[in-house]
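> everything below, folded, please.
(one chain, ligands or ions: 1)
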Amino acid sequence: MGLDRVFSTDNASTGRAHVSAYGSGSLPAISYPGGTSSSSSSRIDYYGYSGQRKRSGPAGTTGLQNLGNTCFMNSALQCLSNTRALTRFFLDGSYRGDINRDNPLGMQGRVADVYGDLLRQLWQDDVAHIAPREFKSVLQRFAPQFSGYQQHDSQEFLAFLLDGLHEDLNRVRVKPYIEIPDADGRPDEEVAEERWRMHRARNDSKVVDEFQGQYKSTLVCPQCNKVSVTFDPFMYLTLPVPAIKLRNIATGTKGPLTLARCLEEFTRAEQLSEDDSWYCPQCKEHRQATKKFDLWRLPDTLVVHLKRFGQSRGWRDKIDDLVEFPITGLDLSEWVIGERADTASAPIYDLYAVSNHFGGLGGGHYTAYAKNIATDAWYDFDDSSVSPVSESQVVVSSSRDGAGSVEQK
Ligand SMILES: [Zn+2]
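Below is the predicted model of the structure:
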């Protein structure tokens, strides 16, 4: 069944940060069972890889075989597997109590089931790598776009998986119907809080607890100055990577492209195009309004997606510039205009995983760098092959050779 094609990675090619997730909030220590597996001796025949060698690193450094262009999936899975709070929630079995088999928006709990199984294999078995066939087969049943053996986008996959896990683990059994009241000029704090409460009344899961934040979007009519403010939840931040030309015009400098610069671009007010105009309720006309995004509330674990496959002047191409971002102490205070969900701590994040993309649009290869939850050491996950990598290499790769990433404080 299926073909095991192992990618050869061109180490000389330049990877670029693709997805970064940042986490915050200290969590109590947890010990991860390592060593020999007690539960799944039948697995060996089932997956058909008997006689496999044992992994040399600690628990969590098991590789994922490439099932034919599935490096996009493997990369995202390894990033997610090294997300402390979510992995602990699965490994200690807490997730079972939340599985929602009746949610029409979910997948009868099947995605949560197979993801839990996969995490147990990654953290509790002692083999060098496993073939995530069962996971892939369940996933593609619910997401036919990921069936077959084409290359996909690791961010697109991660977004699907997080959403699927959220619905499968939604503690809300019957979603209440909620009518959204108009902001009506009320203070932002009040409207944002109201919208968040309404969102949580329908969406209450470990995934939301951990990954979701809220942003504010403001539209201003150029004709009558009508202001429309909305607050929406987000699971990850998609940041535009400004192209070099635009950057030079905007700043007059050739300074390094930093994550802060991408955030600046994200929060920059922009006039809507004619095709994308806004229906102003006051003018009762479509207007090319000014639109601005601001971060209002940040999650404990922040996934940052650097949008390198931009559309500029009809050209679709990958923006391959280096984006510098810190490994520790990413401070987003100046970008958050509202309150943090966890008001006790500042929005300061450490990097803990990176999904890297090498090569061109619609192809190429994905790998991941991730920091082991138990040992805090960094590893390079390249499908079946997992090897230690120094933090300085992650820094260099992240900013220069480029790597995508995930962080936790
Ligand atoms: Zn107007």
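> so which strand or helix has residue 139?
Residue 139 is part of helix 133-142 when elements are defined by DSSP states H and E.
> close to the ion: what parts of this protein are there?
Taking C-beta under 5 Å from the ion as the criterion, the neighbours of the ion within the chain are 221, 223-224, 226, 280, 282-283. (C-beta placed from N, C-alpha, C; glycine too.)
> rewinding a little: contacting residues around the helix holding residue 139?
Contacts to helix 133-142, defined as C-beta atoms under 8 Å, 6 or more residues apart in numbering, come from residues 1-2, 47, 67, 70, 73, 77, 107, 110-111, 113-115, 117-118, 146-148, 161, 164.
> where is the longest strand in this protein?
strand 348-358 (DSSP state E).
> C-terminal to that one, what's the next element?
strand 365-371.
> quick one: that following strand to strand 348-358, angle?
In terms of direction (axes from the mean of the first three to the mean of the last three C-alpha atoms, to 10 degrees), strand 365-371 departs from strand 348-358 by 160 degrees.
> now for the residue of the stretch 1-150 of the chain found nearest the ion, how many residues are close by?
Per C-beta to the ion, residue 105 is where the stretch 1-150 of the chain lies closest to the ion, at 35.5 Å. Residues lying near residue 105 (other C-beta atoms under 10 Å) number 14.
> leaving out chain neighbours, which residue sits closest to it?
residue 167 (4.6 Å; C-beta to C-beta, 6 or more residues apart in numbering).
> that neighbour: neighbour count?
21.
> what comes up buried for the helix holding residue 139?
Using 16 or more other C-beta atoms under 10 Å as the test for burial, helix 133-142 gives 133-136, 138-139.
> could you dump it to PDB, C-alpha only?
Extracted in PDB, the C-alpha atoms of helix 133-142 (Å, rounded to 0.1, in the frame of the first residue of the first chain):
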ATOM      1  CA  ARG A 133      -0.400   5.900   7.000                       C
ATOM      2  CA  GLU A 134      -3.300   5.500   9.300                       C
ATOM      3  CA  PHE A 135      -3.200   9.200  10.100                       C
ATOM      4  CA  LYS A 136      -3.000  10.200   6.500                       C
ATOM      5  CA  SER A 137      -5.800   7.800   5.500                       C
ATOM      6  CA  VAL A 138      -8.200   9.200   8.100                       C
ATOM      7  CA  LEU A 139      -7.200  12.800   7.300                       C
ATOM      8  CA  GLN A 140      -7.800  12.500   3.600                       C
ATOM      9  CA  ARG A 141     -11.200  10.900   4.200                       C
ATOM     10  CA  PHE A 142     -12.200  14.200   5.700                       C
END
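> what's the average pLDDT for that helix?
What helix 133-142 shows for mean pLDDT is 92.
> how much space between residue 67 and residue 118?
Counting by C-beta to C-beta, to the nearest Å, the separation of residue 67 from residue 118 is 13 Å.
> list residues touching both of these two?
Joint contacts of residue 67 and residue 118 (C-beta under 8 Å, 6+ apart) are residue 132.
> beyond the helix or strand where residue 113 lies, next helix or strand please.
Residue 113 is part of helix 110-124 when elements are defined by DSSP H and E. Next helix or strand after helix 110-124 toward the C-terminus (DSSP H and E): strand 129-130.
> packing partners of that following strand?
strand 63-64 (3 or more C-beta pairs under 8 Å, 6 or more residues apart in numbering; DSSP states H and E).
> give me the helices and strands touching the strand it packs on, please.
Strand 63-64 packs on helix 71-81, strand 129-130, strand 378-382, going by 3+ C-beta pairs under 8 Å, 6+ apart.
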